[in-house]
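# build the 3D model from these lines:
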Amino acid sequence: MDHHGCLFLDATWKDMLRAFWYTTQEGDRVKTTQELEALFGGLDKCLACFSVRSALDLFLSVMQFPKGSEILMTAINIPDMVYILEHHGLSIVPIDIDLGTLCPRYEDMKSLVTPRTVAILSAHIYGRWTNMDDIIKVAQEHQLFVLEDCAESFSGLSDLGHPQSDLTFFSFGAIKYATAMGGAIVKVRDPEMLQKMRTKLLTYPIFCESDYVERLFRYSVVMFLANNPLVTKVGVRFMHYFGIDYKETIVSLLRGFPGNIIKKVRHQPSTSMLRMMLHKLRQFDDKDHAQAKVNGDFVLDSLFQDILIPGCNADTMNYWLFPILVDSPAEWVKELEREKIEAYNGITQLNLVKPKFHKRSHTPDDEYTEVLPEHPSNAGSSHERKTDCTDFGCINHNNADLYPHKAKFLIDHVLYLPVHKRVPLKDLEYLCQGVLKVAQRRHSGVAKPKECLLDEFKKLAKL
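Sure, this is the predicted structure:
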């Protein structure tokens, strides 16, 4: 098997050279912005931003919610999003997820709304599209803003989020599909709010072209190391020989906002970044993107019976990353390396969004329904299991245990496999065989790893 990393840049060297060339040209900034935003509905529907973080900060700067206002948030996101929300004085209330769908749990969400709640931020994790209908329903009942985070789930211009979402974010950062090596689009439902955000954005400095060039050089190194299997193989051996952590090197080169986050995100995108976003979106190939789904579905079908795979019941199965849940991710990484498979357990900044509240008691005889991951071909007949609240510390009408146990379970056990559109079928077959070989070796004489993890999942701390 060729060496494939979990990360790759969805770009060619021709794209990279084009980006460098754009930085040497003046370009028509106004025309480029208009043409770019027209792809998402026009100037009265969306706004081109420096990043999703920038768009979120811009929205909060315009809204000026009272200090202490609460925002309900999918319990898995990146720390920078949490930091920005807290910078604006918001209290974050994480909503636990369902492992089968990766959706925020509807009953939890309803119970968490208080008079201080102002918005719900729901993220489509790993590219799995979440059904937004329940979220929209709760928001409309309580007059809340709905922020739909599609940073990981862009799959073409035919699916641009729920029409009732107040804001919908799309990212074109380094490791996203259709990467422009930076940039984002935010759709805004209210034209008046959009105009206020646009006016505020125009007061920000434009991202320096020289800084974009520096970013392009860093990402070129990542492309060289990660996009070519032969180079990846040699690079891994070379770095291991000198005691260098190959994976950490790649991840560190991709970090976009070290230092003062607020200062860094308050920029307009550079003209070359805008031109690159426009180019990549115009060149987006639905058939090429569909190959990622074909590859992901193949691995899912091959591993599903033995390995616990989160998000199998998602409405739309896209594969920005391919996560599996295992008993000890660090040990699995080492064992898979012996099988010449480059798996990661720290590939992304995605992490648990922890509540900052004291735990509260619950009624032990309350029940809720947990939908466990089933194969997508069984959609509509997924296994529903009534569970006593003492197993999970669920949320009831008046007392809420706010800790997102299921999200923590995922973060504690997640491992990412190198499954994406650039991996050929023969290598995917080898990967599946290697994963099953490790699983059999680690669980010889006991239950399948999937069953063992489900048993652990059922024994989450009694509260």
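# contacts and neighbour counts: CA atoms only from here.
Will do.
# ends of stretch 55-69, how far apart?
Criterion CA to CA, to the nearest Å; first-to-last residue distance in stretch 55-69 is 19 Å.
# try stretch 166-175
Stretch 166-175 has its terminal residues 26 Å apart, counting by CA to CA.
# contacts for the host helix or strand of residue 407, please.
Element membership for residue 407, per DSSP states H and E: helix 405-413. Taking contacts as CA atoms under 8 Å, 6 or more residues apart in numbering, the residues outside helix 405-413 that touch it are 75-76, 96-99, 310, 324-329, 351-352, 392, 457, 460.
# among those residues, name the buried ones.
Listed as buried from the contacts of helix 405-413 are 75-76, 96-99, 310, 324-327, 329, 351-352, 392, 457; burial here means 16 or more other CA atoms under 10 Å.
# in those residues, find the pair that's most separated.
329 and 392 (22.8 Å; CA to CA).
# do you know the pLDDT at residue 34?
The confidence metric pLDDT takes the value 97 at residue 34.
# find the nearest non-adjacent residue to it, please.
The shortest distance from residue 34 to any residue that is not its chain neighbour, by CA to CA, 6 or more residues apart in numbering, is 6.7 Å, and that residue is residue 43.
# pretty sure the one you found contacts residue 32?
No - taking CA atoms under 8 Å as the contact criterion, residue 43 and residue 32 are not neighbours in contact, 11.8 Å apart.
# low-confidence ranges, this structure, go.
Judged by pLDDT under 70, the chain has its weakly predicted residues at 1-2, 231-233, 235-236, 240-241, 246-247, 256-259, 347, 357-401, 444-463.
# residue boundaries of the helices in the stretch 1-150 of the chain?
Remark: helices assigned in the stretch 1-150 of the chain by DSSP state H, counting those that start in this stretch are 13-23, 29-38, 52-63, 79-87, 106-112, 133-142.
# what's the first one in contact with?
Identification of contacts with helix 13-23 by CA under 8 Å, 6+ apart yields 209-210, 212-213, 216, 220, 271-273, 275-276.
# so which of the residues you listed are in helices?
Counting by DSSP state H, the members of the contacts of helix 13-23 that fall within helices are 209-210, 212-213, 216, 220, 271-273, 275-276.
# need those in JSON lines (columns: neighbour count).
Rendered in JSON lines, the data for the ones in helices among the contacts of helix 13-23 read as follows (neighbours: other CA atoms under 10 Å):
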{"residue": "209", "neighbour count": "18"}
{"residue": "210", "neighbour count": "12"}
{"residue": "212", "neighbour count": "20"}
{"residue": "213", "neighbour count": "18"}
{"residue": "216", "neighbour count": "20"}
{"residue": "220", "neighbour count": "18"}
{"residue": "271", "neighbour count": "23"}
{"residue": "272", "neighbour count": "28"}
{"residue": "273", "neighbour count": "25"}
{"residue": "275", "neighbour count": "24"}
{"residue": "276", "neighbour count": "28"}
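# show me how far stretch 167-184 is from its chain's centre.
Relative to the chain's own centre, stretch 167-184 is displaced by 11 Å; criterion: CA atoms, centre = their mean, to the nearest Å.
# for stretch 81-94, same thing?
With CA atoms, centre = their mean as the basis, the mean position of stretch 81-94 lies at 18 Å from the chain mean.
# so what touches it?
Counting by CA under 8 Å, 6+ apart, residues outside stretch 81-94 touching it are 53, 56-57, 60-61, 64-75, 112, 261-262, 353-356, 402-404.
# and that stretch, how far apart are its ends?
Taking CA to CA, the span from the opening residue of stretch 81-94 to its closing residue is 12 Å.
# stretch 255-262 too?
Using CA to CA, the span of stretch 255-262 from its first residue to its last is 15 Å.
# you'd agree residue 96 is up against residue 105?
Yes - under the criterion of CA under 8 Å, residue 96 makes contact with residue 105 at 6.1 Å.
# show me what contacts the nearest residue to residue 176 once chain neighbours are set aside?
Here the nearest residue to residue 176 in space, its sequence neighbours aside, is residue 152; by CA to CA, 6+ apart that works out to 6.6 Å. Contact partners of residue 152, counting by CA under 8 Å, 6+ apart, are 124-127, 170-171, 176, 320.
# take those and keep only those in strands.
For the contacts of residue 152, membership in strands holds for 170-171, with DSSP state E as the criterion.
# who wins on neighbours among the contacts of residue 152?
The member of the contacts of residue 152 that has the most neighbours, counting by other CA atoms under 10 Å, is residue 171 with 28 neighbours.
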